[in-house]
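In: coordinates for the following, if possible.
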Amino acid sequence: MRTYYGCVLSVTVLLSACATTDTNRQISGAPVVSAYWSSDDLPIDGRYYVVGGDSLSKLAKRFDIPTKDIIAYNQLSSPYTLYPGQVVLLKPSAKRPFTGRKNSTSKINTASANFTIEKAKANASPTTMRDVPTFVDSVEDAQIHWAKPTGNQILTSYSKQHEAIDFAGHAGDPVHAASDGEVIYSGNQIQGYGNLLIIKHNNNFLTAYAHNRTLTVQEGDKVAKGQVIAEMGQSGSDYVHLHFEMRYKGESIDPAPYLQGS
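Out: Numbers count the residues shown, from 1 in each chain. So this is what the prediction gives:
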């Protein structure tokens, strides 16, 4: 899948195992998933993952890089809009990420620490941030019981180049929650992922489900393992499949070991 995640996101970021909320911030823009890191140091690998509120000019100022260079490194086109989860190269030697090519989606950067959902309209009218509920924060890792989001055939297994599992299917096939949790993102504003769901299972684990035809749960909904949360589709793609990602403490991990026997 693509460079957005999103899910969100190889940066110099300290990820905490304890979630916090920020109740004073005001946000605007389309619904986005934000993973926070505060360092102004240039990421070692030169890859920066966009969060809500970022812009080309802000990144140029923050990292002391000419705007025109960032445009050139990333082959950006006017109006140079950045999207949460997008990978931006900050030096020419950085490995070029996947950039929205059909049939490919890269990781969603959905760090488990300091997670908030910013919800607004496409016209960027201001709205107030809603804190993510934290009922799952006290759940221990060992208490989580996993199941496959679908029993369909695996098309693409997890790898360094494809940090997800892609499942085959037909339009309308049910997509199930991989475990109990809470929906912290439900929408289609992360380019390349179509209709996307992200579920928080505890303070460490997140799962993401992309390219759905329809979403049957909303942000804030509590879901149970095996519950139908979406219908499989091809939104944001050119063929029907489910793109499934798992993150542990903000880092992409292979879901397969957790789904064995389910």
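
In: ok, residue 227 - contacts?
Out: Residue 227 sits next to 176, 177, 217 when contact means CB atoms under 8 Å, 6 or more residues apart in numbering. In short, each C-beta sits where N, CA and C put it, glycine included.

In: could you export those residues as JSON lines, including secondary structure, pLDDT and distance to residue 48?
Out: Formatted as JSON lines, the contacts of residue 227 follow (DSSP: H, G, I helix; E, B strand; the rest coil; pLDDT from 0 to 100; distance: CB to CB, whole Å):
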{"residue": "176", "secondary structure": "strand", "pLDDT": "98", "distance to residue 48": "34"}
{"residue": "177", "secondary structure": "coil", "pLDDT": "98", "distance to residue 48": "31"}
{"residue": "217", "secondary structure": "coil", "pLDDT": "96", "distance to residue 48": "31"}
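
In: tell me the one among those nearest to residue 71.
Out: residue 217 (38.5 Å; CB to CB).

In: hang on, the closest one packs against residue 223?
Out: Yes: the criterion here is CB atoms under 8 Å, and residue 217 meets it with residue 223 at 5.9 Å.

In: looking at the two, which is more packed in?
Out: Between residue 217 and residue 223, counted using other CB atoms under 10 Å, residue 223 has the larger neighbour count: 21 against 18.

In: residue contacts, the more buried one?
Out: 177, 180, 181, 182, 183, 199, 217, 229.

In: could you pull up phi and psi at the first one?
Out: Okay, so that is residue 177. phi -70, psi 130 (degrees, to the nearest 10).

In: burial of it, as a residue count?
Out: Other residues lying near residue 177 total 25 when counted by other CB under 10 Å.

In: please report how far the nearest residue to it once chain neighbours are set aside lies from residue 158.
Out: Taking CB to CB, 6 or more residues apart in numbering, and ignoring the residues beside it in sequence, residue 177 has residue 223 as its nearest neighbour in space, at 4.4 Å. Going from residue 223 to residue 158 by CB to CB, to the nearest Å gives 23 Å.

In: hang on, the earlier thing: can you tell me which of the contacts of residue 227 is nearest residue 204?
Out: Nearest to residue 204 among these: residue 177, at 16.7 Å, using CB to CB.

In: thinking again about what came up before, ok, the contacts of residue 227 vs residue 56, which is closest?
Out: residue 217 (34.4 Å).

In: which residues does the closest one contact?
Out: 183, 186, 197, 223, 227, 229, 230.

In: next, format those as a markdown table and append pLDDT, secondary structure and distance to residue 58.
Out: Shown next, in a markdown table, are the contacts of residue 217 (pLDDT from 0 to 100; DSSP: H, G, I helix; E, B strand; the rest coil; distance: CB to CB, whole Å):
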| residue | pLDDT | secondary structure | distance to residue 58 |
| --- | --- | --- | --- |
| 183 | 93 | strand | 30 |
| 186 | 92 | strand | 27 |
| 197 | 95 | strand | 29 |
| 223 | 96 | strand | 36 |
| 227 | 96 | coil | 40 |
| 229 | 98 | strand | 35 |
| 230 | 98 | strand | 34 |
